[in-house]
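Novice: Sequence first, predicted model second:
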Amino acid sequence: MMELRQVSGGYEAFKVKQINLTLRKGEFFALLGPNGSGKSTLLKLMTGVLSPEQGEICLNGTPLARYGSVQKAKLISVLGQEEHVSFDFTVEEIVALGRYPHQHGLFNWLSAEDERVITEAMEATHVAHYRKQPFRLLSGGEKQRVLLAKALAQEPQLLFLDEPTNHLDLKHTFNLLNMLKEWQRSKALTVFAILHDINVAALYADRLGLMKDGYLQVVNDVHLLKDEDRIEDIYRVRVNAQAHPQLDKPQFMLTPKEEQGQASPSLLAGYRLTQDEKLLYLCFDHPLKVMANSVWGSGISWAAHFCNFHVPKHYNCSNPESDVKRWLEERSIPVQQAIGMMTAVDLEDYVLLEREEAPFQLLAVVTAGTGNAVDISQNHDLQTLRQIGTINTMVFIDGHLTDGAFVNAVMTATEAKAKALATLQVKDKATGTLATGTSTDSVVIAATQRGKKTPYAGSATVLGKALGQLVYQATLQAIQKYWRRLGVTSAERG
Ligand SMILES: Nc1ncnc2c1ncn2[C@@H]1O[C@H](COP(=O)(O)OP(=O)(O)OP(=O)(O)O)[C@@H](O)[C@H]1O
């Protein structure tokens, strides 16, 4: 489609240098880079506004310089950063200007085909309802969409956009990019867009290029952005690449300077526990990063309120999540910062153990019932496994865990729980074999994310050992309390 070979050019004091790039037909290519890195200069070279001092730019195999302006406008259109419209045109008249390369004859009347394309472009950019309004009276974002409609009305093969989502609110940014993707697919439109938002680029681009100091440093697919060191080298900012929850695309987090490594009281001095018949509640002064399979707040999140609600033994509800949410609201606990579990166990029988193992502080809170103890290796009828008879394990860590360490911590806590069940010879009633857990267990691992990053939390680490021993002890004690309350004899245990 377009090929740049060893292209250099620009201004007296600034030039882009030695650019090699091939744009593929029908792709969405995003150009990223810090302010002043030369993105707009490169775009001006690619659109023929500036001429290369060295190298060659070809469009469909022919040097760009050989195209006449109308011939070029049939193939490429440009939505620049600042478009000035000097006359008092209506929206429709502005969009109609996009048709000029396709018009014939002396008077440039709009044909039926021109009218169809103009309407299609206005509808795609959601400006059709302003068609009779003067362009100058529109807002910045509305003007941007009208100018995009004009660029689309040109029916280009290649569309250049310089920060197209400037001025646009969230909805219109999303609509515009979705619409571009749609035109890219349905009309094999090639899109070359300068973007500032790397999250947007990661979501919409097929390939992207990173510019720095006039050089196109690298071109690749969006996974290139996962290279945090490279992004830091280009932008001088440390970003944290995360996986998008539904798509195989990276998304980026920034940490404001004042939030980094903020001092706050120690974990063990920074929480309050209250317990009544219905709720076991731990409230922390500062939110913790959480990995959990709780009824409310499952997955990875941040939370400061950890709740274990008591339910009757035969509690049955089609939507336990909405129940827990309602109970949180009834207690005025902020639902968006809460983790909620449920148990049929008497909450008075919770076990709380603290441990300090430098540099970590740990706190484990366990409630345990073994009425539905299960040996995971056996084949069970699923219906019988759905009753509440649960071991709920919460572990709080003053430490900075990577996502891998969170997974490791879940593993360690699970192994420790299984070992406690084995020590107490808890049996699966259905099979008579040793139980490995109960049918509806929950685990919560929460960390303050302060201090040096910890990549592991398995048995070969200080953290893993402390965590495993703490959960083992807490689970043992919680099961023993549960048995004492029920007056269960060892022969009946299971
Ligand atoms: N018309 C011009 N005449 C002279 N120098 C210019 C001109 N336009 C831009 N420059 C200079 O060229 C350099 C690169 O500018 P350019 O606009 O290409 O950067 P950019 O990467 O698009 O930046 P931004 O993200 O801020 O839009 C800058 O130092 C700028 O001052």
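Specialist: Sure, I can see it.

Novice: With Val200 as the reference, measure out to Leu225.
Specialist: Using C-beta to C-beta, to the nearest Å, one obtains 11 Å as the distance from Leu225 to Val200. In this view, the C-beta of every residue, glycine as well, is placed from N, C-alpha and C.

Novice: go on, Ala358?
Specialist: 44 Å.

Novice: Likewise for Ser186?
Specialist: In this view, Ser186 and Val200 are 21 Å apart by C-beta to C-beta.

Novice: Who has more neighbours out of the two?
Specialist: Val200 (19 against 8; other C-beta atoms under 10 Å).

Novice: residue contacts, that one?
Specialist: Contacts here follow C-beta atoms under 8 Å, 6 or more residues apart in numbering; on that basis Val200 touches 165, 173, 177.

Novice: rerun that using 7 Å as the cut-off
Specialist: 165, 177 (C-beta atoms under 7 Å, 6 or more residues apart in numbering).

Novice: Lys17 too?
Specialist: 8, 214-215.

Novice: Low-confidence ranges, this structure, go.
Specialist: Applying pLDDT under 70 to the chain flags the ranges 82-86, 104-108, 258-264, 382-389, 489-494.

Novice: tell me which residues in the biggest helix by length in the chain are buried?
Specialist: Longest helix in the chain, counting residues (DSSP state H): helix 462-486. Neighbour counts using 16 or more other C-beta atoms under 10 Å place 463-464, 466-479, 481-483 of helix 462-486 among the buried residues.

Novice: Now do the phi/psi pair for Gln18.
Specialist: phi 50, psi 50 (degrees, to the nearest 10).

Novice: Check whether it really touches Ser8, as I assumed.
Specialist: Yes: applying C-beta atoms under 7 Å as the test, Gln18 and Ser8 come out as touching, 6.0 Å apart.

Novice: Quickly note the distance from Asn316 to the ligand.
Specialist: 59 Å (C-beta to the nearest ligand atom, to the nearest Å).

Novice: tell me which strands and helices the longest helix of the chain is in contact with?
Specialist: Where contact means 3 or more C-beta pairs under 7 Å, 6 or more residues apart in numbering; DSSP states H and E, helix 462-486 is packed against strand 351-357, strand 360-368, strand 391-398, helix 403-423.

Novice: Same list (the ones you listed) but as CSV, adding distance to the ligand.
Specialist: Below are the helices and strands packed on helix 462-486 laid out as CSV (distance: least, C-beta to the nearest ligand atom, whole Å):
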stretch, distance to the ligand
strand 351-357, 49
strand 360-368, 44
strand 391-398, 42
helix 403-423, 32
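
Novice: Look up how far Leu147 lies from the nearest residue to Leu254 once chain neighbours are set aside.
Specialist: Spatially, and ignoring its direct neighbours in sequence, Leu254 is nearest to Val239 (5.9 Å; C-beta to C-beta, 6 or more residues apart in numbering). Distance of Val239 to Leu147, computed by C-beta to C-beta: 31 Å.

Novice: who's more crowded, the two?
Specialist: It is Leu147, of Val239 and Leu147, that has more neighbours when counted by other C-beta under 10 Å, with 23 against 19.

Novice: tell me the SS of that one?
Specialist: helix (DSSP: H, G, I helix; E, B strand; the rest coil).

Novice: Ser77 is in contact with that one, correct?
Specialist: No: counting by C-beta under 7 Å, Leu147 stays clear of Ser77, with 10.2 Å between them.

Novice: can you tell me the residue of the stretch 201-350 of the chain closest to the ligand?
Specialist: Closest to the ligand within the stretch 201-350 of the chain is Met211: 6.3 Å, counting by C-beta to the nearest ligand atom.

Novice: Helix or strand for that residue, just tell me which one.
Specialist: Assigned by DSSP states H and E, Met211 falls within strand 207-212.

Novice: from the middle of its chain, how far away would that strand be?
Specialist: 21 Å (C-alpha atoms, centre = their mean, to the nearest Å).

Novice: and if you look at stretch 192-200?
Specialist: With C-alpha atoms, centre = their mean as the basis, stretch 192-200 stands 16 Å off its chain's centre.

Novice: Show the end-to-end separation of it, please.
Specialist: Chord length of stretch 192-200, first to last residue, is 14 Å (C-alpha to C-alpha, to the nearest Å).

Novice: list the buried ones in it?
Specialist: 192-195, 198-200.

Novice: And the furthest pair within those?
Specialist: The two members of the buried residues of stretch 192-200 with the most space between them (C-beta to C-beta) are Phe192 and Asn199, at 19.1 Å.

Novice: helices or strands up against the strand holding Met211?
Specialist: On a contact count with 3+ C-beta pairs under 7 Å, 6+ apart, strand 207-212 meets strand 28-32, strand 215-221.

Novice: how does it look with 10 Å?
Specialist: strand 15-23, strand 28-32, helix 39-46, strand 190-194, helix 198-204, strand 215-221, helix 228-235 (3 or more C-beta pairs under 10 Å, 6 or more residues apart in numbering; DSSP states H and E).

Novice: between the ones you listed, which gets nearest to Arg116?
Specialist: strand 190-194 (22.2 Å).

Novice: any chance of the buried residues of stretch 192-200 in JSON lines, plus distance to Leu64?
Specialist: Converted to JSON lines, those look like this (distance: C-beta to C-beta, whole Å):
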{"residue": "Phe192", "distance to Leu64": "13"}
{"residue": "Ala193", "distance to Leu64": "19"}
{"residue": "Ile194", "distance to Leu64": "18"}
{"residue": "Leu195", "distance to Leu64": "23"}
{"residue": "Ile198", "distance to Leu64": "29"}
{"residue": "Asn199", "distance to Leu64": "32"}
{"residue": "Val200", "distance to Leu64": "28"}
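
Novice: which one of those is nearest Lys249?
Specialist: Asn199 (9.0 Å).

Novice: between the strand holding Met211 and strand 215-221, how big is the angle?
Specialist: Here strand 207-212 runs at an angle of 160 degrees relative to strand 215-221 (axes from the mean of the first three to the mean of the last three C-alpha atoms, to 10 degrees).

Novice: partners of strand 207-212, with directions?
Specialist: Here strand 207-212 has these sheet partners by DSSP bridges: strand 28-32 (parallel), strand 215-221 (antiparallel).

Novice: rewinding a little: give the intersection of the neighbour lists for Leu147 and Ser77.
Specialist: Shared contacts of Leu147 and Ser77, defined by C-beta atoms under 10 Å, 6 or more residues apart in numbering, comprise Gly98.

Novice: Noted, bye for now.
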